[in-house]
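# Below: sequence and its predicted model.
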Amino acid sequence: MLRKVMLGLAGAVLVLVLGVVAVAGYFYTSWKRPPAQRVLAVSEAERYLLAASREGDAELVAGLLKAGTPVNVQDDRGFSPLILAAYHGHTETVRALLAGGADACAGDSRGNTALMGAAFKGYVEVVDLLLQQPCAVDQSNGVGQTALMFARLFGRKEVAERLQQKGASPERRDSSGRTAEDWAQTQVPESPVTAPNSLARSAAPTAVSQ
């Protein structure tokens, strides 16, 4: 009887040991460094994505997204790759980011969206791409300004027409009570917000050309 008990215990111990070895082998295989090529750290990949979007390197952007870099990453000012690409008029980069799932409705730390940046600069093709996204055309920033207000303020007539064709309201008022027409009649153009200049200063690691 004792012999049977001892054999049973020995068998149980053997099964336990084999189980521990199998689990250890699994974790070793899972954690060991991949031998093929270096994989960018997340923070480094995100930094490259922001810089590539600003510079308009659509091929690099597509590659980084394919490698798993988060498309909606933001820098310390809240600027996303899409906001940077749109502000600088990089149509193909904007297209690549949208295809990769970029959120066109997301704003920076002041609430300014990619559409507002493109409207401010007058990039019609970029505006057309962004208007195809499921965002409110009259989406406002933190002080109530819309893309139409940006377009009217800086005389971007074609962009303003596109926005109004999509339903942008010229009667909408910002927190100061001004409409898009009010901004258009400003004698000395003054940006509703400082986002465009901030966007330019945000470029890292190199300076941005306006």
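Ah, there it is. Numbering: from 1, shown residues only.

# What average pLDDT does stretch 83-97 get?
Stretch 83-97 carries an average pLDDT of 98.

# One more: stretch 160-171?
On average, stretch 160-171 scores 97.

# Next: stretch 102-121.
96.

# Stretch 47-67 now?
96.

# can you list the domains in this protein?
Using automatic domain parsing, the domain parsing of the chain gives 1-32, 42-199.

# Tell me which of the ones you listed is the most buried.
domain 42-199 (a mean of 20; mean count of other C-beta atoms under 10 Å). C-beta coordinates here come from the backbone N, C-alpha and C atoms, glycine included.

# now the strands for this protein?
When secondary structure is read from DSSP state E, the chain shows no strands.

# those helices in it, which residues are they?
2-31, 42-55, 58-66, 81-87, 91-99, 114-121, 124-130, 147-153, 157-165, 180-184, 195-202 (DSSP state H).

# What are the contacting residues of the fourth one?
Pointing back at helix 81-87 there. 49-50, 52-54, 56, 61, 71-73, 93-94, 97-98, 102-104, 106, 108, 112-115, 117-118, 120-121, 123, 126, 130, 196, 199, 202-203 (C-beta atoms under 8 Å, 6 or more residues apart in numbering).

# residues contacting the residue nearest to K157 when sequence neighbours are not counted?
Of all residues beyond its chain neighbours, the one nearest K157 is A151 (7.9 Å), with distances taken as C-beta to C-beta, 6 or more residues apart in numbering. Contacts here follow C-beta under 8 Å, 6+ apart; on that basis A151 touches A119, F120, G122, K157, V159, A160, L163, A180.
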